[in-house]
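Novice: Please work out how this folds:
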Amino acid sequence: MSPSADLPTPPLSSCTKVESKQASKTPLQLISQGTPLPSIPTFLSFASHRAAILSHMAGAFRVFARKGFTEGMSGHISVRDPEYPHLFWTNPLARHFALLRASDMILLDYDGKVVGGNTSRPANGAGFLIHSALHKAREDVNAACHCHGKAGKAWSAFGKKLEMINQDICYMYGEAQGVYEDFGGIVFEEEEGRKLARALGEKGKGLVLKNHGLLTVGGTVDEAAYLYTLMERSAEVQLMVEAAAANGLKKIIVDDEAAEYTFRMASDPETLYWEFQPDLEYEVELMGNVFDDFDEEKALFCS
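Specialist: Okay, the predicted model is just below:
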């Protein structure tokens, strides 16, 4: 027997106990004091799943409109079809975000052919090249958002990542955020879309597109939409901080340990899904669920 074999096991420190308690819970459970929020919804059929995600997609556009992310015909969201993963839904060109309904969405294949949904209007050609490249490159990317919001466009002129200057932007810590530096005008070439997907990388959640704006992705349209609102607001805050720093105030960056911990505890798919629900519920309360009108029988799936 070794000399130390009969020594008592030292008690767990309070810090160890806290870490052990955290390890047994998901981030969503940790943020819920009491009965935790439920997980991301699951569905009994592809039809019910499709109707739900298109409703949330239309709701996301309504939220974006209320937050002022519109700019002419610019801006698009895509959502991968739950039954046919090589197809994705997107919005019609030149229809205001605040007017969009689930029934307005267009179903495209990777060749750009309209294969279902709304056939009365075209999709955004540049948006198709961007979103098809993202969906092809990353199987985990079920949704992507890109708009021309004011703050995002302003910050994109610097061609830099958003800095970890507050708790919220730590949701985009490390590899979660990238910069696309090869702006060459409106995206009309497939290679441009592929380069953009490469800039996002294998773990990216959001991109600053130099001289262009912002782009986010997620496992749900709710996650991608929330991250877009987060990046747009964070760009606005960063510009305010930069203005204050230019007048002599010292800017303090969140240290890596704290930023990584915040990312790990808050930037998971379930938490990010729920981060978007307050804005979505507010939109429903103000306007009614008028955007939830998808009819599976009128989906017009083409052969």
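Novice: Would you mind naming the helix or strand containing residue 227?
Specialist: Applying DSSP states H and E as the criterion places residue 227 in helix 221-246.
Novice: just the strands in the protein please.
Specialist: Per DSSP state E, the chain carries strands over the ranges 76-80, 87-90, 106-109, 114-117, 143-147, 177-180, 206-209, 213-218.
Novice: Go through the helix holding residue 227 and flag the buried ones.
Specialist: Neighbour-count burial for helix 221-246, counted by 16 or more other CB atoms under 10 Å, picks out 221-238, 241. The C-beta positions use only the backbone N, C-alpha and C, and glycine is treated the same way.
Novice: Poorly predicted segments of the stretch 51-200 of the chain, please.
Specialist: Residue ranges of the stretch 51-200 of the chain with pLDDT under 70: 185-188.
Novice: ranges for the helices of it?
Specialist: 125-137, 150-156, 190-200 (DSSP state H, counting those that start in this stretch).
Novice: Need the CA coordinates for the longest one. PDB is fine.
Specialist: Provided in PDB are the C-alpha atoms of helix 125-137 (Å, rounded to 0.1, in the frame of the first residue of the first chain):
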ATOM      1  CA  GLY A 125     -30.000  36.100 -58.500                       C
ATOM      2  CA  ALA A 126     -27.100  37.300 -56.300                       C
ATOM      3  CA  GLY A 127     -28.800  35.900 -53.300                       C
ATOM      4  CA  PHE A 128     -29.100  32.500 -55.000                       C
ATOM      5  CA  LEU A 129     -25.400  32.300 -55.700                       C
ATOM      6  CA  ILE A 130     -24.500  33.200 -52.100                       C
ATOM      7  CA  HIS A 131     -27.000  30.900 -50.400                       C
ATOM      8  CA  SER A 132     -26.600  27.900 -52.700                       C
ATOM      9  CA  ALA A 133     -22.900  28.000 -52.000                       C
ATOM     10  CA  LEU A 134     -23.400  28.200 -48.200                       C
ATOM     11  CA  HIS A 135     -25.900  25.300 -48.200                       C
ATOM     12  CA  LYS A 136     -23.700  23.100 -50.400                       C
ATOM     13  CA  ALA A 137     -20.600  23.800 -48.300                       C
END
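Novice: ok so, going back, ok, which of the helices of the stretch 51-200 of the chain comes nearest residue 41?
Specialist: helix 125-137 (21.5 Å; CB to CB).
Novice: a markdown table for the helices of the stretch 51-200 of the chain, including distance to residue 283 and mean neighbour count?
Specialist: Converted to a markdown table, the helices of the stretch 51-200 of the chain look like this (distance: least, CB to CB, whole Å; neighbours: other CB atoms under 10 Å):
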| stretch | distance to residue 283 | mean neighbour count |
| --- | --- | --- |
| helix 125-137 | 22 | 21 |
| helix 150-156 | 20 | 20 |
| helix 190-200 | 28 | 19 |
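Novice: for the ones you listed, which one sits closest to residue 247?
Specialist: Residue 247 lies closest, by CB to CB, to one member of the helices of the stretch 51-200 of the chain: helix 150-156, at 18.1 Å.
Novice: gap between the nearest residue to residue 184 once chain neighbours are set aside and residue 130?
Specialist: Counting by CB to CB, 6 or more residues apart in numbering, residue 184 lies nearest to residue 192, which is 6.5 Å off, once chain neighbours are set aside. As judged by CB to CB, to the nearest Å, residue 192 and residue 130 stand 8 Å apart.
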